[in-house]
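Colleague: Sequence first, then the predicted structure, then my questions.
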There are 2 protein chains.
Amino acid sequence: MACSLFSRHLTVPLCQSLRLSGPGYRHVSKTAAKTLDEFDYDGPSMKSKVPGPRSKELMRQLGEIQNVGAVHFFCNYEESRGNYLVDVDGNRMLDLYTQISSIPIGYNHPALMKVMSSPHNLSTFVNRPALGILPPENFPDRLNESLLSVAPRGMRHVQTMSCGSCSNENAFKSIFIWHRNKERGHKTPTQEEMTSCMVNQGPGCPDLSILSFMGGFHGRTMGCLATTHSKAIHKLDVPSFDWPIAPFPKLRYPLEEFVRENGQEEARCLEEVEDLIVKWRQKGKTVAGIVIEPIQAEGGDNHASPDFFKKLRNIARKHGCAFQVDEVQTGCGPTGKFWAHEHWDLDEPVDVVSFSKKMLTGGFFFRDELMPDKPYRIFNTWMGDPSKNVFLSAVLNVIKTERLLGEVTRSGAALLHGLIELQTQYPHLLNAARGLGTFCAIDACDDKTRDALIQKVRDKGVILGGCGDKSIRFRPSLVFKEYHVHLFLNIFNDVLAEHK
Amino acid sequence: MACSLFSRHLTVPLCQSLRLSGPGYRHVSKTAAKTLDEFDYDGPSMKSKVPGPRSKELMRQLGEIQNVGAVHFFCNYEESRGNYLVDVDGNRMLDLYTQISSIPIGYNHPALMKVMSSPHNLSTFVNRPALGILPPENFPDRLNESLLSVAPRGMRHVQTMSCGSCSNENAFKSIFIWHRNKERGHKTPTQEEMTSCMVNQGPGCPDLSILSFMGGFHGRTMGCLATTHSKAIHKLDVPSFDWPIAPFPKLRYPLEEFVRENGQEEARCLEEVEDLIVKWRQKGKTVAGIVIEPIQAEGGDNHASPDFFKKLRNIARKHGCAFQVDEVQTGCGPTGKFWAHEHWDLDEPVDVVSFSKKMLTGGFFFRDELMPDKPYRIFNTWMGDPSKNVFLSAVLNVIKTERLLGEVTRSGAALLHGLIELQTQYPHLLNAARGLGTFCAIDACDDKTRDALIQKVRDKGVILGGCGDKSIRFRPSLVFKEYHVHLFLNIFNDVLAEHK
């Protein structure tokens, strides 16, 4: 059951032309001729270790102002192009991390530069409106031509927000409001509800909950953080809600060797979900909604089968919980479909889909019944930023005209093939290659090795990101072609071969 | 005591040239010659009631996508200039609400247009970085020349965020982290803390609280919402935290007539703050921080005296609570000083100052000891948006070169004088005129009258906003001159005279 997600990748015979046989050996597949866009560079170019001296000096300066412990290096965004990020020491790196997966079509894409040079867009950048009260004339048109043109099946409504956390916070609020309106039979709230909510107490502030999954990540504001369970450092010292947390399936790889075990694992997790829903209802903290990522990203690129998600959707419906899919990292094409949850082929649409990152604006789609019943319930000053919608329109146009989803599927297949090849060659270093489109990952034998490999690969001109305990995640932009895959695989192969 | 805040306004003799003697009578003060910037219009121009037919049609269209109950009308931002907002029906209105107080220097200001036309800014708009890991080369310089050039006294650190809610959420998190680090003597967290926080439980997720004030507004994400107490509709149906809520002083006007009563009222509130801190500590929900607005805006433009805030700051220090001032609405000049809390003349700087709106970027300043001890604790993908910092630099430059804080003080004095004059003339309609700079308000006799007055004034070409139960708030941009004050006062006078 669980293997259906990847079986098509695994059964395709490995392309011989891709075989990587050791250090120094470089072979670019004949099927992946160099088809560079004019705005791309032709390869990495390294001048120093990264971070170099200029980055280190800037870190010192910024360190006077903020904690810079997470800063990798400083960038020269003017000189960056397409798949290549240039740093302040003149190093040009192939970027497979793309600002934590938030750059949709590469750096300085001509279509985005054009948005900036069009005089009739100027006012949209200069006059940021309070969208909820004074939207611009073109706002309905712009929503229709951008966000609604890629609305997930069954969705006609969308609310923009400024970032991923605000999107999930407001999605949760919409779910709570929807749930309470159902409970009170859509009657006017009582005076007691109106009074008690002003002082944070029930019944006005009810003891409802959102069910989330261990390993999940849904943001860092306090509502979101109560559903985030990927790393302790995100949560330590911050008060939280007593909300139920279900186990997310831990699949074993290669999938085709563990069909029975993975099926049992998914069944165990689903059973636990139902148990938690019952238990929390008994505790007086009814589960109003379930939130889940199609692929747990920050938590380690954890996958589950479409069958798991279909059954989870049914459990949500059975218990009257809204079913929210958090596509902040998976949305906008990296899995080869515009929304990752399209891979599940559900009978019934989901209730809420939240997005941000590559979509350039935050927000969430929602089904009819989740429309707020009154104004000012889902509201804030800006409610998004129309200048980001302008960029999004341009991005969607490029995705369509350049058929980038097909490109992602092709590049993704080549990437996964290459990773499987490498883990076969270096089984003491790598395992569990997995992915959908270019949204791929592979596990190192431990966190120390993972971190060392990422650093060594970076010094050879490729940027990768880590996730979970010991995983490497691949998050190139949608203009990442097969040519770039092979470029990366050869460099990675060199590093693995040299790794002591 | 309480009157010290406003006494200088109230004791200045009312300018005779301002006297408004009835409908039709129009007099523009000789001291307020028309000094329009070339990018401003010369007055309102109305073609229809507002919303007009085109706005109504667009509302219908947008209503298919979102709840539009809060939409006032649709705007033509291209044609808007300076103090004037133009709508889609060709109505040109003097804007004293400025997108819920978020437009700093008027519409389409030439200095902001220039930012857009400068080629070296293009890349900043097109390539939004993950600021926490890959900042642009000019980021330290840009922070120094923009945000840090206006840092409140005692502050050298600033963290940008995308919006006001995210700013307050992350400020609260910084306070919790600081508090727990103090409690554990800056030692490494225990294994139990690391494990328990992953499942939302103590001791890793401690039962700490933030003390807030009835009538306060600090945003709408779930952490912020637990400190927001201005209107029930913001909070209804959303789970919350059991955090302490103190009364905010309800001052009586005119202040000089109620010196003793207002002093007693402020003392009562401060006493309640201390009681709550003790009570919540006994409940095991220690107050880690106190958050307050210098003027409660959304809650009804409620003021307190500098003496109140000085004593509150002392209470926070005495009990080891961080003292956070939320300047999201008051910051960036509208009170005549850059930060409203500068009016208090505190002995010791505050601990955290959060901002957004007119600052164009969200964020918060913080004192040395609130610097996060580790990376990734205060973190998200974007952590602000450098393109907003570019605009902010231009705004700060205009504020400085055009001496807009002095302008605000002059316009504000004229506005408050005029409002006091009007409430004297129409005591059955208006009372409690109050304000600092142009950050003014006046109360109507009831909410129905307030709403009717706002609507009538709008139909004559002036946009106002409501707040609290029955207040009208004035939130013009910083380029609102004395000339505009008189223009507004004359229109308001006409409406009041005609009001049945």
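Modeller: Happy to help now that I have it. Residues are numbered from 1 along each chain as shown, chains lettered A, B, ... in the order given.
Colleague: Number of residues surrounding A:Lys374?
Modeller: Counted with other C-beta atoms under 10 Å in any protein chain shown, residues neighbouring A:Lys374 total 13. Yep, even glycine has a C-beta here, placed from its N, CA and C like the rest.
Colleague: and it, what does it touch?
Modeller: Counting by C-beta atoms under 8 Å, 6 or more residues apart in numbering or on different chains, A:Lys374 makes contact with B:Asn67, B:Gly69, B:Ile233.
Colleague: So what are the structural domains in chain A, by residue number?
Modeller: Using the TED database, the domains assigned to chain A come out as A:53-109+A:404-498, A:119-401.
Colleague: Need these in a markdown table (columns: mean pLDDT).
Modeller: As requested, the domains of chain A are arranged in a markdown table below (pLDDT from 0 to 100):
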| stretch | mean pLDDT |
| --- | --- |
| domain A:53-109+A:404-498 | 98 |
| domain A:119-401 | 97 |
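Colleague: Would you convert those into TSV that also reports distance to B:Thr401?
Modeller: Below are the domains of chain A laid out as TSV (distance: least, C-beta to C-beta, whole Å):
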stretch	distance to B:Thr401
domain A:53-109+A:404-498	25
domain A:119-401	19
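Colleague: Tell me where the stretch 301-450 of chain A has strands.
Modeller: A:322-326, A:352-355, A:362-366, A:430-436, A:439-444 (DSSP state E, counting those that start in this stretch).
Colleague: rewinding a little: and of the domains of chain A, who's closest to B:Lys460?
Modeller: Across the domains of chain A, B:Lys460 has its closest neighbour in domain A:119-401 (18.3 Å, C-beta to C-beta).
Colleague: hang on, the earlier thing: ok, which of the strands of the stretch 301-450 of chain A comes nearest A:Ser240?
Modeller: Of all the strands of the stretch 301-450 of chain A, strand A:322-326 sits nearest to A:Ser240, with 17.9 Å by C-beta to C-beta.
Colleague: And the contacts of that closest one?
Modeller: Strand A:322-326 has contacts (C-beta under 8 Å, 6+ apart) with A:168, A:171-172, A:175, A:178-179, A:216, A:218, A:288-294, A:312-313, A:316-317, A:339, A:341, A:350-354, A:370.
Colleague: Just the buried residues of these.
Modeller: When these are checked for burial by 16 or more other C-beta atoms under 10 Å in any protein chain shown, the buried set is A:168, A:171-172, A:175, A:178-179, A:216, A:218, A:288-294, A:312-313, A:316, A:339, A:341, A:350-354, A:370.
Colleague: overlap between the contacts of A:Lys374 and the residues near chain A?
Modeller: For chain A, the contacts drawn from the contacts of A:Lys374 by C-beta under 8 Å from any C-beta of the partner chain are B:Asn67, B:Gly69, B:Ile233.
Colleague: out of these, which is most surrounded?
Modeller: Highest neighbour count within the ones next to chain A among the contacts of A:Lys374, by other C-beta under 10 Å: B:Asn67, with 20 neighbours.
Colleague: measure that one to B:Met194 for me?
Modeller: Separation of B:Asn67 from B:Met194 (C-beta to C-beta, to the nearest Å): 42 Å.
Colleague: Where do the strands of chain A begin and end?
Modeller: A:84-86, A:92-95, A:157-161, A:209-213, A:245-246, A:287-292, A:322-326, A:352-355, A:362-366, A:430-436, A:439-444, A:462-463, A:465-467, A:471-474 (DSSP state E).
Colleague: Report the contact partners of the residue in the stretch 1-150 of chain A positioned nearest to chain B.
Modeller: As assessed by C-beta to the nearest C-beta, chain B sits closest to A:Gly69 within the stretch 1-150 of chain A, at 2.9 Å. Contacts for A:Gly69 (C-beta under 8 Å, 6+ apart) come out as B:Lys374, B:Pro375, B:Tyr376.
Colleague: which of the residues you listed lies closest to chain A?
Modeller: Minimum distance to chain A across the contacts of A:Gly69 is 2.9 Å, recorded for B:Pro375 (C-beta to the nearest C-beta).
Colleague: Excluding sequence neighbours, find me the nearest residue to A:Phe213.
Modeller: Nearest non-adjacent residue to A:Phe213, counting by C-beta to C-beta, 6 or more residues apart in numbering or on different chains: A:Phe248, 4.1 Å away.
Colleague: Hmm, I typed the wrong one, I wanted A:Ile177.
Modeller: Leaving aside its chain neighbours, A:Ile177 sits nearest to B:Asp237 (4.8 Å; criterion: C-beta to C-beta, 6+ apart).
Colleague: burial count for that neighbour?
Modeller: Summarising burial for B:Asp237: neighbours were counted as other C-beta under 10 Å, giving 26.
Colleague: pretty sure it contacts A:Gly202?
Modeller: No: counting by C-beta atoms under 8 Å, B:Asp237 stays clear of A:Gly202, with 10.6 Å between them.
Colleague: Please narrow the contacts of A:Gly69 to those residing in helices.
Modeller: Among these, none falls in helices (DSSP state H).
Colleague: Show me which of the ones next to chain A among the contacts of A:Lys374 is closest to B:Ser162.
Modeller: Distances from B:Ser162 to the ones next to chain A among the contacts of A:Lys374, taken by C-beta to C-beta, are shortest for B:Asn67, at 22.6 Å.
Colleague: contacting residues for the closest one?
Modeller: By C-beta under 8 Å, 6+ apart, B:Asn67 lies in contact with A:Met371, A:Pro372, A:Asp373, A:Lys374, A:Pro375, A:Arg377, A:Ile378.
Colleague: Just the closest of those to chain B, please.
Modeller: Sorting those by distance to chain B puts A:Pro375 at the head of the list, at 2.9 Å, by C-beta to the nearest C-beta.
Colleague: and stretch A:343-356, C-alpha only, in PDB?
Modeller: Provided in PDB are the C-alpha atoms of stretch A:343-356 (Å, rounded to 0.1, in the frame of the first residue of the first chain):
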ATOM      1  CA  HIS A 343      -1.200  13.100  -5.800                       C
ATOM      2  CA  TRP A 344      -3.700  11.500  -3.400                       C
ATOM      3  CA  ASP A 345      -6.700  11.500  -5.700                       C
ATOM      4  CA  LEU A 346      -9.200  12.000  -2.900                       C
ATOM      5  CA  ASP A 347     -12.900  11.300  -3.300                       C
ATOM      6  CA  GLU A 348     -13.800  14.500  -1.500                       C
ATOM      7  CA  PRO A 349     -11.800  17.800  -1.500                       C
ATOM      8  CA  VAL A 350     -10.000  18.800   1.600                       C
ATOM      9  CA  ASP A 351     -11.500  21.700   3.700                       C
ATOM     10  CA  VAL A 352      -8.500  24.100   3.900                       C
ATOM     11  CA  VAL A 353      -5.200  24.400   2.000                       C
ATOM     12  CA  SER A 354      -2.700  26.900   3.400                       C
ATOM     13  CA  PHE A 355       0.300  28.200   1.400                       C
ATOM     14  CA  SER A 356       3.200  30.600   1.400                       C
END
